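Asker: take this sequence and fold it.
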Amino acid sequence: MPDDSSLQSVVLARHRLGIVVPKQHPLATRSVIKVKDLATEPMLMDPRKSNPRLYDDIIAAIRARGVTLNVTAEILDGEALLTLVASGFGLTFGAEPAAPFLAVGTAVWRPVSDLGLEMRNIAMWRPDAQSLLLRPLLDLLREEGRRARATGQAKKDPT
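Answerer: From the prediction side, this is the model:
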């Protein structure tokens, strides 16, 4: 959720964070992957500046399990990042909804059972926004947040 208390927000979706590996990698065939399995793997990551909170959460979650990631490169371009993973240059983190798209290529998404991180789709706005054009959008966002909570995609957060 936002650090700025002057903003209102709603979580639209939550997605489990896992690992993206080349199909030929030994971890691709495993049904259970743990953080310790990543200890010696070369990791490719989005640069910290693109999503500082997620980057820091990943590093903290990994360190909390006694592992230090071997980050060999930070790649801003998502397509280039996945191409490098598929080519065997390293592994990366990704959200579960990417799994079906990756499976048609040369990489696969796998859960990391003890990672415990998720990516959230969040909409934020200033509560004093009074634009007539903005009100219907905010109503739609609130309704989508209620729908997501009802289907289990998002837990209840203040709106």
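
Asker: buried ones in the host helix or strand of L137, by neighbour count?
Answerer: Per DSSP states H and E, L137 falls inside helix 134-150. Neighbour counts using 16 or more other CB atoms under 10 Å place L138, L141, E144, G145, A148, R149 of helix 134-150 among the buried residues. C-beta coordinates here come from the backbone N, C-alpha and C atoms, glycine included.

Asker: ok, the residue nearest the centre of the chain to L138 distance?
Answerer: The structure's the chain has its C-alpha centroid closest to M119; by CA atoms, centre = their mean the separation is 3.6 Å. The span separating M119 from L138 equals 23 Å under the rule CB to CB, to the nearest Å.

Asker: helix, strand or coil for the residue located most distally from the centre of the chain?
Answerer: Here the chain reaches farthest from its C-alpha mean at L132, the gap being 33.4 Å by CA atoms, centre = their mean. Using DSSP: H, G, I helix; E, B strand; the rest coil, the secondary structure recorded for L132 is coil.

Asker: all strands of this structure, in order?
Answerer: Counting by DSSP state E, the chain has strands at residues 8-22, 42-45, 70-74, 92-95, 107-111, 118-125.

Asker: for the fifth one, what is the distance to the chain centroid?
Answerer: Meaning strand 107-111. In terms of CA atoms, centre = their mean, to the nearest Å, the centre of strand 107-111 is set 13 Å apart from its chain centre.

Asker: all good on my end, thank you.
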